[in-house]
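1. For reference, the sequence and a predicted model appear below.
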Amino acid sequence: MIRLESISKRFESQVVLDDINATFDNGKTNLIIGLSGAGKTVLLKCIVGLLVPDSGKVLYDGRDMVTLKKKERLLLRREMGMLFQSAALFDSMSVLENVMFPLDMFSDKPFDDRLKRARFCLERVNMLDAQYKSPSELSGGMQKRAAIARAIALEPRYLFCDEPNSGLDPKTSLIIDELIHNITEEYGITTIVNTHDMNSVMGIGDNIIFLAGGRKAWEGTKDEILYSNNDVLNEFLFSSDLLRKVRDGALLKG
Amino acid sequence: MIIVDSIGTFGKYLILMRRVFARPDSWRMFFRQYLREVLQLGINSIPIVLLISFFIGAVICIQMKLNVESSWMPKFVVGYATREIMLLEFSSSIMCLILSGKVGSNITSEIGAMRVTQQIDALEIMGVNSANYLIFPKIVALVSIIPALVIFSIFAGIMGAYGICMFTGIMTPDDLTYGLQYEFSQWFIWCSIIKALFFAYIITSVASFYGYYVGGGSIEVGKASTDAVVSCSVLILFADIVLTQLLMQ
């Protein structure tokens, strides 16, 4: 479980995050949504420790990321996996080597065991056929799947995804979403996904946090989001005709 | 303002170096990276080092012959001067200036591209000391391979001088050999290697620094590469003055 307590962050005079409190449970896919510039990426960076919040606590099962000693923070990071917006696969390595990387770096197991684990992870994301390809030979969706395989190689307790569907077609986005959701449930991981893709919100949002102007403006589930009375959230959600029709249809049915 | 900025940049460089010179997270991965860098930074630089050194050796020999020769100047001076120039300056300082262009820009663009595509962030999230993993093997690799490059450069330069003597007949190889051997001091080779060790450190650490802290996109990476080469060149020239003064006293 990850708990945020009064997280605030400002860059010079601009307040980017203001008193954010939230709880992200194990085995659930937690989404952070909001308009561009709402502070989603900054919040995710504060959670994973790439940025230090000006005040507040980021508690990983009771361990505060902000105040942990350097060595303890490094150990905590080895319990994390992250899927970046650009996949961030290492260009100089093949797909298999990318997945092997965290194992080679931190696992004491023999080579055969590491290789077996890497291949298992690739098979889990249906990428075993592309194991010897370089990242530049892969499509965007395949890169994301390979990055997920790398992220789960060390059996992380926490998985973070920054805009996992960015640049993908709707069908591939669904595959990535399902993969993240299934892996989260299967391994009981605490997953936090930063997104503004409404398909993801409606598909995998076990717990959703809506940010607006650096503040948490709403929190709920995918089943509750369509019926919210929050004007800012509704303005964000129903900015497209399609979603307005979905809402109207849902309300008529409900 | 420039002074404050320079002090700030130097401080940032020292902080980075503190992270670089840490114990590697995995020695297995360090040696893997080390071998890769030896190949990329060292072995792949041998052709250009040999080519440039060969032609510069030949040109120095021609210039010496044309400009120094007179009735009161012994013939061996051409070989002697060619040797001294190659040993004392070209094969260390000038060769490292050339390498700062080839190797320095390569390092900055590689690390810079990793920064802008979030690959360095990915390393950090995994709990890897990215500065140590990416930069330390590069420094160790170039510093350990540079003595070989210096020796190759000296050898190729002397071969160039012999080549020009044989193909153009401007002087006999025997006169050149006598000059090359005249009052030879082994210490000059050591001077050349010692200077090159410092220059190799400057090239790898400064180029890595520029790449590691690059922000933005591909344009910034290109600009950082140019800045890195300029900074490496200036620092090598300054270091050359200090080291020459210290080593040749």
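-> In hand now; what should we look at?
2. Mind pulling the model confidence for the residue in chain B that chain A sits nearest to?
-> Residue of chain B nearest chain A, by Cβ to the nearest Cβ: residue B:127 (3.4 Å). C-beta here means a position set from N, CA and C on the backbone, and glycine is covered the same way. Note on residue B:127: pLDDT of 88.
3. Verify the stated contact: it with residue A:75.
-> Yes. Between residue B:127 and residue A:75 there is a contact under Cβ atoms under 8 Å: 7.1 Å.
4. more neighbours, those two?
-> Taking other Cβ atoms under 10 Å in any protein chain shown, residue B:127 and residue A:75 do not tie; residue B:127 has more neighbours (20 against 14).
5. Run through the residues that contact the residue nearest to that one when sequence neighbours are not counted.
-> Spatial nearest neighbour of residue B:127, excluding adjacent residues (Cβ to Cβ, 6 or more residues apart in numbering or on different chains): residue A:77 at 3.4 Å. By Cβ atoms under 8 Å, 6 or more residues apart in numbering or on different chains, the residues touching residue A:77 are A:48-49, B:124-127.
6. Please produce CSV containing the residues you listed, extended by secondary structure.
-> Below are the contacts of residue A:77 laid out as CSV (DSSP: H, G, I helix; E, B strand; the rest coil):
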residue, secondary structure
A:48, helix
A:49, coil
B:124, helix
B:125, helix
B:126, helix
B:127, coil
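7. Compare the residues you listed and tell me which is most surrounded.
-> Within the contacts of residue A:77, neighbour counts (other Cβ under 10 Å) peak at residue B:126, which reaches 25 neighbours.
8. ok, it touching residue A:102?
-> Yes. At 5.4 Å, residue B:126 and residue A:102 qualify as touching, with contact defined as Cβ under 8 Å.
9. Secondary structure class of residue 193, three-state.
-> Chain wasn't specified; assuming chain A. Assigned state for residue A:193: strand (three-state reduction, three-state DSSP).
10. Tell me, how many residues neighbour it?
-> Using other Cβ under 10 Å, residue A:193 has 28 other residues around it.
11. partners of it in the sheet?
-> residue A:31, residue A:161 (DSSP bridges).
12. if we can go back for a sec, tell me, what's touching residue B:126 and residue A:102 both at once?
-> Joint contacts of residue B:126 and residue A:102 (Cβ under 8 Å, 6+ apart) are residue A:154.
13. Just list the residues touching the residue nearest the centre of chain B, thanks.
-> Centroid check for chain B by Cα atoms, centre = their mean gives residue B:96 as the closest residue, at 2.5 Å. Residue B:96 sits next to B:146, B:195-196, B:199-200, B:202-203, B:236 when contact means Cβ under 8 Å, 6+ apart.
14. change it to 7 Å
-> Residue B:96 sits next to B:196, B:199-200, B:203, B:236 when contact means Cβ atoms under 7 Å, 6 or more residues apart in numbering or on different chains.
15. Could you list which of the residues you listed belong to helices?
-> If you go by DSSP state H, those have B:196, B:199-200, B:203, B:236 in helices.
16. Check the stretch 51-200 of chain A for the residue nearest chain B and tell me.
-> residue A:77 (3.4 Å).
17. which parts of chain A sit against chain B?
-> By the rule Cβ under 7 Å from any Cβ of the partner chain, the part of chain A lying against chain B is A:48, A:50, A:74, A:77-78, A:80, A:82, A:84, A:86, A:88, A:90, A:102, A:104-105.
18. and those, which are buried?
-> The neighbour count (16 or more other Cβ atoms under 10 Å in any protein chain shown) marks A:48, A:74, A:77-78, A:80, A:82, A:84, A:86, A:88, A:90, A:102, A:104-105 as buried among those.
19. circling back: how about the residues of chain A next to chain B, which pair is most distant?
-> A:74 and A:86 (23.9 Å; Cβ to Cβ).
20. pLDDT value on the residue nearest to residue A:154 when sequence neighbours are not counted, please?
-> Leaving out its chain neighbours, the residue that sits closest to residue A:154 by Cβ to Cβ, 6+ apart is residue A:102, at 4.9 Å. The confidence metric pLDDT takes the value 93 at residue A:102.
21. Also residue B:101?
-> On the pLDDT scale, residue B:101 is placed at 94.
22. Count residues in the vicinity of the nearest residue to it once chain neighbours are set aside, would you?
-> If the residues on either side of it in the chain are set aside, residue B:101 comes closest to residue B:229, at 5.4 Å by Cβ to Cβ, 6+ apart. Look at residue B:229: counted by other Cβ under 10 Å, it has 22 neighbours.
23. where's residue 47, which helix or strand?
-> Here I'm looking at chain A. Counting by DSSP states H and E, the element that carries residue A:47 is helix A:40-48.
24. My question was about chain B, not that one.
-> Using DSSP H and E, residue B:47 sits in helix B:46-68.
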